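S.K.: After the sequence you'll find the predicted model.
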Amino acid sequence: MVIDTQIASFFTAGSLIIIGIFAALFIDNLIKKVIGLAFIADGVNLFIITMGYKAGGIVYIFLPGMTINQFAPNASYPLPFALVLTSIVIGASTLAVMLGLIIVLYKKHGSIKASKILGE
Amino acid sequence: MSLYDIIINRIKKVQGKDEENEPVTSIEASSTLAAEITLLSSLLVAVIMLRFFSNALMIVAIILVIAIAIFAMPIMPRLKREQNDSLNGMIFYVILALGIIAVLFYWGNLNV
Amino acid sequence: MNPLIPIMVILPIACALLLNLFHTKERTVKILAIIVAIALPIIPLIANYGLHYFGGYAPLAQNPTIAQGLPSFITSSALNIFHPAITYSFESAQRLFIFILGLIAFLAILTSLSETKKASGVYAFLMFMGVAAVTAILLTDDIFNLYVFFEIAAITQVGIIIASKIKGNYETALKYMILGSIASPLLLLGIALLLGITGNVNITDIVYSIKNGLVNPQNPVLLTACGLIIFGWLYGSGLPPFHTIKSAVYSKALPHGAALLQAFSVFTLVALGIIIFRIFSYLPFAKVFIIAISLAAMILSITMALMQTDVKRIIGYLAVGELGYIGLGLGIGTAFSITAGLFQAVNEAIITAFLFIGFGTIIYKTRESDIRKMGGMMIETPKAALLVFLAGLAMAGVPPLNAFQSKLMLIQSSLNAGIPELGVIMILMSIVTFMTFMKAFYAVYMRPKPRDLEIKNEKIPKATLFSMIVFLIVCIILGLFPQVATNFLQGLANSLIV
């Protein structure tokens, strides 16, 4: 059974988001929690990229020698890649701040369990 | 601990069955009383707004709220304990709210 | 094209980067920060209304030179009026909001430079970046640009908490980031679903597509997008279930930092709320949900405020509870209620900043924030006590101060709309708010001083008193002449209803 590439990709993105929410909710180790949060962001980025997929589409660069009538109906959707680039950078910077905070908290409390540091 | 034990302990904690007794100042007692009265009265007035959906639902909801209030009277200490600063509690309520929002917006729009 | 519109965002960013560069040179940091902070409220007053296109060009319908060479399947469809640029729109409501945000930022930066011993360039960097981010959120007409600045605002808020050296601030910062890392990607997912259905990230074009039948308005994907964007809105503004972490964030920041943070939350609520209303107001369920969550915000936060013992937590929960009034104004959905809700937002930002800076004087003098250990401050700081009392009266809605006018308008609009229960709850919550404030005021100022309370001998800095007096003057002006603000807001409210 051949599944359409786009549908398989949407499923992967959805399962990444669900795995990330599960990790953020249930795992006690702070680093693993943060990895789960990174999964959520990755899942959403994959979802956006998949929306730009076009079966048999050409790259959206208007080369010299192409005409508009050749380009416009065949090009895959260019907007998602621009949005995802920005989103990946935002995710990386948020991840960096969170990991920095975890390092400081580990030095202060000596443990990396979320229930000890961030619980009541 | 197994998942079942965690759930049972949590429900017992919310019901207040394993409380410690600590001394209470008069300013705390009067604040809790005021908060309790505010909570119940605003909840009752808010439930009256269900009259826009169906009158029968509103009457049932008012009777339910009054009954729960009488049987579970000191609600404010439990509410204060639930809204503490622990990460696990906050994430639980966030995911619960996400689930409620997803369900309501996908399916609840049909009759409003 | 109007060059002052991008300057409103670029100037604070440039100043922030320069301040970060000059971090250890105190005099340079102070002079540069004060000059740009004075410019922040002045620029929106002198800029003209209009649109600004970043990185693109005006729509094809207004751009005949580019539209000439294009085939007719582009120029005769809706693509002709879509915006191929990141559009910033500056109208009368944005003028009022950015002016108030700039005023609060100026006074917060002034207070921070005078209350801390060494001027910190990095701290001023965080405050200016936050102001730039929220200004961009207010101005932008592009929903993905809004998400980018939303994330920048979240990171700067975390930075402001970390810089405060209050016990427990790192833990609160990490909790806020973890909750944000769940909510923000889901907001982005909602934006992605909107992009997938309508093919646009420009809000005006999305609204056009939905209104003119280019997409099916009852499409379940659109409804899911509405739910996810509302979920992201709950995180950015501090409505339940994020009210506990928001009030914790306010309590772990220095008082002037908390004043600025709550202004960020209020204006994020206003900006995202207006966008949700513009796109999704045809769904009656969205308005019902906004009313329900605003009621939950008011009831949960104000009852929690009564039970707190830390004065910053009390004001933090009161600040989050007052957001419920703004949400109710948006949820009721008539032009009068939206004007009232937005006016309440402006008043709330000013009054809560006033309260934070006012109670910050106590913390400055006693280094203590637990109300069980305080007392007798009226003898030490009588002028500050009077100003804090007036701030509390303002928050409760006593005439002739500003919240009276906006709360009266909200109650009247709920009666006009045929939902008197909301009016009753609003009055009840105002009474309880005043009771909570009086409890804190009595405990801090009016009862006798406990023996072991140490009070520093330094006088409260003149800049702090100046900030509080400016806030009081704005409160009195808006209370006596509410038309000064509502004239700016009526254009937006009427355009939202159409």
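M.R.: Yep, that arrived.

S.K.: what residue is smack in the middle of chain B?
M.R.: Central residue of chain B (CA atoms, centre = their mean): B:Leu79, 6.5 Å from the mean position.

S.K.: which residues touch it?
M.R.: Residues near B:Leu79 by CB atoms under 8 Å, 6 or more residues apart in numbering or on different chains: B:Leu39, C:Leu300, C:Thr303, C:Met304. For glycine as for every other residue, the C-beta is placed from the backbone atoms N, C-alpha and C.

S.K.: hmm, stretch A:40-56 touching chain C?
M.R.: Yes: Stretch A:40-56 reaches chain C (CB under 8 Å from any CB of the partner chain) through A:Ile40, A:Ala41, A:Gly43, A:Val44, A:Phe47, A:Ile48, A:Met51.

S.K.: before we move on, the earlier item: out of the contacts of B:Leu79, who has the most neighbours?
M.R.: C:Thr303 (28 neighbours; other CB atoms under 10 Å in any protein chain shown).

S.K.: and the contacts of B:Leu79 as TSV, adding secondary structure?
M.R.: As requested, these are arranged in TSV below (DSSP: H, G, I helix; E, B strand; the rest coil):
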residue	secondary structure
B:Leu39	helix
C:Leu300	helix
C:Thr303	helix
C:Met304	helix
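
S.K.: and the two most separated of those residues?
M.R.: B:Leu39 and C:Met304 (10.0 Å; CB to CB).

S.K.: Now C:Pro450: closest residue in space that isn't a chain neighbour?
M.R.: C:Gly375 (5.4 Å; CB to CB, 6 or more residues apart in numbering or on different chains).

S.K.: Just say helix, strand or coil for that neighbour.
M.R.: C:Gly375 - assigned by three-state DSSP - is coil.

S.K.: Surely it touches C:Arg447?
M.R.: Yes: if you go by CB atoms under 8 Å, C:Gly375 and C:Arg447 touch, sitting 4.5 Å apart.

S.K.: Settle it for me: which of the two has more neighbours?
M.R.: Applying other CB under 10 Å to C:Gly375 and C:Arg447 shows that C:Gly375 carries more neighbours, namely 17 against 14.

S.K.: if I pick the more buried one, what's in contact with it?
M.R.: Applying CB under 8 Å, 6+ apart, the residues contacting C:Gly375 are C:Ala443, C:Val444, C:Met446, C:Arg447, C:Pro448, C:Lys449, C:Pro450, C:Leu453.

S.K.: Would you list the phi and psi of the fifth one?
M.R.: With angles defined as degrees, to the nearest 10, C:Pro448 sits at phi -60, psi 150.

S.K.: Okay, now the unreliable bits of chain A?
M.R.: A:120 (pLDDT under 70).

S.K.: What ranges does it have for its helices?
M.R.: Ranges of helices within chain A are A:5-26, A:30-51, A:68-71, A:79-109, A:114-117, based on DSSP state H.

S.K.: what does the average pLDDT come to for the helix or strand harbouring C:Val320?
M.R.: Following DSSP states H and E, one finds C:Val320 within helix C:311-332. For helix C:311-332, the mean per-residue pLDDT is 93.

S.K.: cool, and stretch C:116-134?
M.R.: 92.

S.K.: Without its sequence neighbours, what residue ends up closest to the residue nearest the centre of chain A?
M.R.: Nearest to the mean C-alpha position of chain A, by CA atoms, centre = their mean, lies A:Asp42 at 1.6 Å. Of all residues not flanking A:Asp42 in the chain, A:Leu16 sits nearest, at 5.7 Å (CB to CB, 6+ apart).

S.K.: What's the separation between C:Leu489 and C:Ala391?
M.R.: 23 Å (CB to CB, to the nearest Å).

S.K.: Can you tell me, leaving aside adjacent residues, what's nearest to C:Leu174?
M.R.: A:Leu101 (4.5 Å).

S.K.: Can you pull out the low-pLDDT segments for chain C?
M.R.: C:1.

S.K.: ok, for residue 41, nearest residue in space, not its chain neighbours?
M.R.: This is for chain A. Going by CB to CB, 6+ apart, A:Ala41 has A:Gly91 as its nearest residue, at 4.2 Å.

S.K.: wrong one, chain C
M.R.: The nearest residue in space to C:Pro41 (CB to CB, 6+ apart) is C:Gly102, at 3.4 Å.

S.K.: contacting residues for that neighbour?
M.R.: By CB under 8 Å, 6+ apart, the contact list for C:Gly102 reads C:Leu40, C:Pro41, C:Ile42, C:Ile43, C:Pro44, C:Val131.

S.K.: Turn these into a markdown table, columns for distance to C:Asp141 and secondary structure.
M.R.: Listed next are those as a markdown table, based on distance: CB to CB, whole Å; DSSP: H, G, I helix; E, B strand; the rest coil:
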| residue | distance to C:Asp141 | secondary structure |
| --- | --- | --- |
| C:Leu40 | 22 | helix |
| C:Pro41 | 23 | helix |
| C:Ile42 | 24 | helix |
| C:Ile43 | 19 | helix |
| C:Pro44 | 17 | helix |
| C:Val131 | 20 | helix |
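
S.K.: how about those in JSON lines, adding neighbour count?
M.R.: Converted to JSON lines, those look like this (neighbours: other CB atoms under 10 Å in any protein chain shown):
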{"residue": "C:Leu40", "neighbour count": "25"}
{"residue": "C:Pro41", "neighbour count": "18"}
{"residue": "C:Ile42", "neighbour count": "13"}
{"residue": "C:Ile43", "neighbour count": "18"}
{"residue": "C:Pro44", "neighbour count": "23"}
{"residue": "C:Val131", "neighbour count": "34"}
